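J.: Here is my input, please return the structure:
(one chain, ligands or ions: 2)
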Amino acid sequence: MDIKTKLSKPFVEWATKLRDNPLFSTLKFKFLFWNIILSVISIAFILLVFFETTQYILYSQFNSNLLYTANEVSSIVGHSGSTIGTNQVSQFHNKNFIGYFIVILNSNGHVVAESNNIKLNASFISDVFTAVQSKDNSSVFTQKIGNQHLSLISIPILNKFGDLTGVAIVGNSITIIHNTLHTLLIVMFFMALIFIFIVVLFTFYFSDKITDPLSDITSQIVSITGFNLNQRIRTKNYDREFNSMSEEFNKLLDRLEKTFEREKNFINDVAHEIKTPLAIINGETELSLRDKNTNIKSYKKMLEANLYQSRKIEKVLNDVLSLARVEYNTSSYITEKIDLSNLLSNMASDMKIIAETKKINFEYIVKGKGFYVFSNKENLSKAIFNILANSLKYTKDGFVRLSLYKNSKKIFIEIEDTGIGIKTEDVPKIFNRFYRASNVKKIEGSGLGLSISKSIIEGYKGSILVESQASLGTKFTIILPEFK
Ligand SMILES: Nc1ncnc2c1ncn2[C@@H]1O[C@H](COP(=O)(O)OP(=O)(O)OP(=O)(O)O)[C@@H](O)[C@H]1O
Ligand SMILES: [Mg+2]
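T.: Ligands and ions are numbered 1, 2, ... in the order given. All right, here's what the predicted structure looks like:
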């Protein structure tokens with residue numbers, strides 16, 4: 001194991017532990033952490049830019065003044081000839097350049113004059129001289145002499161022919177600027193600390209404001225179970241986001257409650273549908289057993305009646321199972337491309353036989369070709385069959401017509417009959433589970449056929465329309481998306 005891996009392994013372990021700590025995975029912590037990081041970065045950046053700009057402005061202002069003075073010194077000394085006298089320098093110092101440090105070097109780099117308020121180091125002077133000679137231009141230096149911070153500018157002195165006759169070094173104290181900047185730095189540091197402290201306080205306050213409603217809503221959600229589904233989340237004076245989240249959750253509870261209620265009713269209905277025939281079977285059997293004079297003929301009659309009732313139970317159970325399979329298991333059905341004209345023509349031949357026994361006309365009409373849908377064959381057949389079976393069941397005379405046609409995107413299967421029809425007020429209810437309209441009277445059925453059909457057709461993104469007139473007839477239209 002190399003040293004890098006050796007070092008990085010404990011760090012990775014530490015970082016993973018930190019990440020997995022429940023505290024660090026909270027919204028509150030993340031909010032606090034990133035807010036502090038961002039505030040530190042932004043305040044550091046702002047203060048740094050401010051400090052650098054101030055420093056630049058102060059120094060450049062100072063140095064441009066220095067350069068101006070140095071140029072003045074250089075031009076005066078340059079024009080005065082090759083020999084530069086001490087008197088001249090002290091004159092500048094006394095009259096025009098109070099506070100400035102002035103050192104004049106001759107063309108050999110020797111000090112010929114210097115103001116008496118400064119004593120520059122000899123090696124520094126020689127460095128400055130070499131720099132001016134090689135660059136033939138002005139240069140800026142900073143020096144610390146004793147407690148004094150100096151900014152110095154060196155400038156070549158030229159005679160009227162442009163020859164280098166010496167070098168002027170002009171300087172001034174930058175201690176004030178230096179101290180000002182130093183104080184500014186300290187003030188900025190404390191300002192940054194105060195700012196970060198305020199940010200932390202605000203972040204704590206706001207993170208509580210964000211997480212408090214969440215904890216409240218969570219504790220309310222926890223208290224809702226299958227037994228108190230009518231309970232709803234109480235929204236207080238939360239922010240809009242939390243209110244709308246709670247409202248949406250309440251709407252979800254509404255839907256769940258309705259579904260639960262529907263399931264409960266469904267179970268009651270199933271129980272009721274089975275209870276009646278079972279009671280009849282039990283009653284008939286007990287009666288026959290109690291009657292000592294029962295003969296074979298009466299036993300046979302009783303058995304026939306019981307068989308009829310148990311078939312009724314079998315039908316209800318089969319329908320309930322079909323419905324459960326369709327509603328809760330759609331994804332496990334194999335779907336395929338189905339040619340509807342083939343499927344319907346097979347069904348039509350079966351229906352024709354039933355229709356003939358009832359002396360009803362059965363017609364099958366196809367308008368166009370290429371009727372492909374994507375569906376499960378068994379389910380789709382069941383859905384169409386239930387509607388066709390109804391038409392035959394509820395029609396005494398006249399006809400039942402099955403038509404197939406399409407438009408650019410959809411396929412229509414129309415099943416029209418001249419049967420007993422449905423009262424307008426009953427039409428919206430006929431797809432409800434176990435619903436049987438007042439028109440059917442003694443005609444047998446469990447009231448589940450249409451709800452099975454509806455579930456199947458809607459499962460394949462289709463829909464069913466009904467038009468009916470009592471005593472005149474009914475038209476069901478199944479609409480399915482075409483598969484291309
Ligand atoms: N073609 C039709 N003509 C008249 N009434 C109809 C027709 N189709 C359906 N209905 C009405 O709608 C009700 C519901 O039909 P659905 O097929 O769900 O149940 P059902 O036919 O009574 O029983 P089953 O479960 O055996 O099919 C029927 O009881 C009947 O009142
Ligand atoms: Mg039916």
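
J.: my guess is residue 142 contacts residue 173, does it?
T.: No. Between residue 142 and residue 173 there is no contact under Cβ atoms under 8 Å: 11.0 Å. Using the backbone N, CA and C atoms, a C-beta is placed for each residue, glycine as well.

J.: Mind listing the shared neighbours of these two?
T.: The contact sets of residue 142 and residue 173 overlap at 149-150 (Cβ atoms under 8 Å, 6 or more residues apart in numbering).

J.: With neighbour numbers in mind, choose between the two.
T.: Ranked by neighbour count (other Cβ atoms under 10 Å), residue 142 and residue 173 place residue 173 first, with 19 against 12.

J.: okay but the more buried one is in contact with residue 149, surely?
T.: Yes. Look at residue 173 against residue 149 with Cβ under 8 Å: they come within range, at 6.8 Å.

J.: Please identify which residue in the stretch 201-350 of the chain comes closest to ligand 1.
T.: residue 319 (5.6 Å; Cβ to the nearest ligand atom).

J.: List the single closest residue to residue 398 in space, sequence neighbours excluded.
T.: residue 418 (2.9 Å; Cβ to Cβ, 6 or more residues apart in numbering).

J.: measure the one you found to residue 177 for me?
T.: For residue 418, the distance to residue 177 (Cβ to Cβ, to the nearest Å) stands at 107 Å.

J.: re the thing from before, look up how far residue 21 lies from the residue nearest to residue 398.
T.: Taking Cβ to Cβ, one finds residue 418 at 76 Å from residue 21.

J.: How about residue 381?
T.: 59 Å.

J.: what do you get for residue 312?
T.: 64 Å.

J.: between those two, who's got more neighbours?
T.: residue 312 (20 against 11).

J.: Spell out the secondary structure type for the more buried one.
T.: Residue 312 falls in the helix class when you classify it by DSSP: H, G, I helix; E, B strand; the rest coil.

J.: Tell me the predicted confidence for it.
T.: Predicted confidence (pLDDT) for residue 312: 92.

J.: ok, it touching residue 275?
T.: No. The criterion here is Cβ under 8 Å, and residue 312 misses it with residue 275 at 11.5 Å.

J.: Assumed residue 67 was part of a strand.
T.: No. Secondary structure of residue 67 (three-state DSSP): helix, not part of a strand.

J.: was I right about it contacting residue 138?
T.: Yes. Counting by Cβ under 8 Å, residue 67 does reach residue 138; the two are 6.3 Å apart.

J.: overlap in contacts of the two?
T.: With Cβ under 8 Å, 6+ apart, residue 67 and residue 138 have common neighbours 153, 155.

J.: Among these two, which residue is more densely surrounded?
T.: residue 138 (20 against 15).

J.: The closest residue to that one other than its chain neighbours bridge partners, please.
T.: In this structure, residue 138 finds its nearest non-sequential neighbour in residue 155, 4.4 Å apart by Cβ to Cβ, 6+ apart. Counting by DSSP bridges, residue 155 is bridged to residue 168.

J.: pretty sure residue 155 contacts residue 168?
T.: Yes. The criterion here is Cβ under 8 Å, and residue 155 meets it with residue 168 at 5.2 Å.

J.: Could you check how far residue 135 is from ligand 1?
T.: 104 Å (Cβ to the nearest ligand atom, to the nearest Å).

J.: Number of residues surrounding that residue?
T.: Neighbours around residue 135, by other Cβ under 10 Å: 11.

J.: How about residue 372?
T.: Considering only other Cβ under 10 Å, residue 372 is surrounded by 16 other residues.

J.: go on, the one 10 residues further on?
T.: Neighbourhood size, residue 382 [other Cβ under 10 Å]: 16.

J.: Check what pLDDT the residue nearest to residue 443 when sequence neighbours are not counted gets.
T.: The shortest distance from residue 443 to any residue other than its chain neighbours is 6.3 Å, reached at residue 393 (Cβ to Cβ, 6+ apart). Per-residue confidence (pLDDT) for residue 393: 96.

J.: ok, now residue 91?
T.: 57.

J.: ok, the residue nearest to residue 138 - contacts?
T.: Neighbours of residue 155 in contact, by Cβ under 8 Å, 6+ apart: 67, 70-71, 73-74, 132, 138, 167-170.

J.: so which of the residues you listed comes closest to ligand 2?
T.: residue 67 (105.4 Å; Cβ to the ion).

J.: Please list all residues in contact with the closest one.
T.: 138, 153, 155.

J.: what does residue 467 give?
T.: Taking Cβ under 8 Å, 6+ apart as the definition, contacts of residue 467 comprise 474-475, 477.

J.: What is the nearest of those to residue 199?
T.: Of all those, residue 477 has the smallest distance to residue 199: 65.9 Å, by Cβ to Cβ.

J.: Chain neighbours aside, what residue packs nearest to the closest one?
T.: residue 465 (4.4 Å).

J.: So the one you found, which state does it fall into?
T.: strand.

J.: Would you pull up the residue in the stretch 201-350 of the chain closest to ligand 2?
T.: Closest point on the stretch 201-350 of the chain to ligand 2, by Cβ to the ion, is residue 319, at 9.2 Å.

J.: Any idea how many residues pack against that residue?
T.: Residue 319, neighbours per other Cβ under 10 Å, totals 22.

J.: which residues touch the closest residue to ligand 2 within the stretch 251-400 of the chain?
T.: Taking Cβ to the ion as the measure, the point where the stretch 251-400 of the chain comes nearest ligand 2 is residue 390, at 4.3 Å. Residue 390 is in contact with 449-450, 476, counting by Cβ under 8 Å, 6+ apart.

J.: Ok, residue 25 next?
T.: residue 19.

J.: Report the secondary structure state of it.
T.: coil.

J.: go on, the one 10 residues further on?
T.: Classification of residue 35 using three-state DSSP returns helix.

J.: before we move on, which element is the nearest residue to it once chain neighbours are set aside in?
T.: The spatially closest residue to residue 35, leaving aside those adjacent along the chain, is residue 203, at 4.4 Å (Cβ to Cβ, 6+ apart). Using DSSP states H and E, the element containing residue 203 is helix 175-222.

J.: next SSE after that helix?
T.: helix 240-290.

J.: How far does that following helix sit from its chain's centre?
T.: Computed by Cα atoms, centre = their mean, to the nearest Å, the chain-centroid distance of helix 240-290 equals 37 Å.

J.: Can you tell me which residues in the chain are near ligand 2?
T.: 390, 449 (Cβ under 5 Å from the ion).

J.: Pick out the residue of the chain closest to ligand 2.
T.: residue 449 (3.0 Å).

J.: Count the neighbours of that residue for me.
T.: Around residue 449 there are 23 residues (other Cβ under 10 Å).

J.: The closest residue to it other than its chain neighbours: helix or strand, and which one exactly?
T.: Using Cβ to Cβ, 6+ apart and skipping residues adjacent in sequence, the residue nearest residue 449 is residue 386, 3.9 Å away. For residue 386, the host element (DSSP H and E) is helix 377-393.

J.: Following element in sequence after that helix, please.
T.: strand 399-406.

J.: residues contacting the residue nearest to residue 398?
T.: 395, 397-400, 472-473.

J.: in stretch 162-177, what's buried?
T.: Within stretch 162-177, the residues that count as buried by 16 or more other Cβ atoms under 10 Å are 165-174, 177.
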